[in-house]
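**Student:** quick one: sequence plus predicted model below, questions after.
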Amino acid sequence: MRLLVLPILLLTAVQAISQKDLPQDDVHATLVVGKKKSLIAYAGSSHSFTMETTSKTAKPSDIPGFITIDGQVLQTTLVPAALTVDPRHPTTDREKEILIKYMNYELGYYKKKLKQKYSGLQTEWLTIKDHLFLVWYFDMPRDYKLVSRQIYFSTLFFDQVLDLNAPVFKIDHFTKARTTLAKLAGSLKTYDKQLDLGLLRRQL
């Protein structure tokens, strides 16, 4: 059952939004649980990030690659992005162009490859602590009873798209899901180095 449900729960396209659209593996951030607090963290070879969750209920989800915070299932994914300019200083217009391209690629994958229809797509731009996010969400088909809506917060992280996403199981849980993702986005810290996650865990 899980293997059939997982591709439908979230957009799991594993292709880069590069110029050649070659297949790439997506990467998920890790939940680092300490004695006092927890972080969602990613340690790349030269760039890393953390997002703080103050909830004591943060834990790995029963769904591989997902995290649960206060009962809300979510995922943090990194997807390569094609940048033709210095990734440290992209213009706002270029950031928007890349993020829109990423969204459209995922929606196309969802519709054409997974054969799932969606409706009511809505988008908005939010700047959260100097990070530009494309917030986008849409409704699932009415006859699909497991998930009512999908919501995404997408931003650039160096030469990758950092994507926070969550399934909304009941439509009246949408505000909770959005608030959870917004809080994580607001706690995003980036580092131009590889973090030691073991050391980081001991410091929490």
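**Tutor:** Done, it's in.

**Student:** in this structure, where's the longest helix?
**Tutor:** Ranked by number of residues, the top helix in the chain under DSSP state H is helix 92-108.

**Student:** buried residues, that one. List them.
**Tutor:** Neighbour counts over helix 92-108 (16 or more other Cβ atoms under 10 Å) mark 95, 98, 99, 102, 103, 105, 106, 107 as buried. All C-beta spots, glycine's among them, are computed from the backbone N, C-alpha and C.

**Student:** redo those as JSON lines? Include distance to residue 135 and pLDDT.
**Tutor:** Output for the buried residues of helix 92-108, formatted as JSON lines (distance: Cβ to Cβ, whole Å; pLDDT from 0 to 100):
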{"residue": "95", "distance to residue 135": "14", "pLDDT": "90"}
{"residue": "98", "distance to residue 135": "15", "pLDDT": "91"}
{"residue": "99", "distance to residue 135": "10", "pLDDT": "94"}
{"residue": "102", "distance to residue 135": "13", "pLDDT": "91"}
{"residue": "103", "distance to residue 135": "10", "pLDDT": "93"}
{"residue": "105", "distance to residue 135": "17", "pLDDT": "89"}
{"residue": "106", "distance to residue 135": "14", "pLDDT": "88"}
{"residue": "107", "distance to residue 135": "14", "pLDDT": "91"}
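
**Student:** kindly reformat those residues as CSV containing distance to residue 34.
**Tutor:** Putting the buried residues of helix 92-108 into CSV (distance: Cβ to Cβ, whole Å) gives the following:
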residue, distance to residue 34
95, 33
98, 34
99, 32
102, 32
103, 34
105, 36
106, 33
107, 37
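
**Student:** residue contacts, the residue nearest to residue 204 when sequence neighbours are not counted?
**Tutor:** Counting by Cβ to Cβ, 6 or more residues apart in numbering, residue 34 is the residue found nearest to residue 204 once chain neighbours are left out, at 2.2 Å. Remark: with contacts taken as Cβ atoms under 8 Å, 6 or more residues apart in numbering, residue 34 is in contact with 201, 202, 203, 204.
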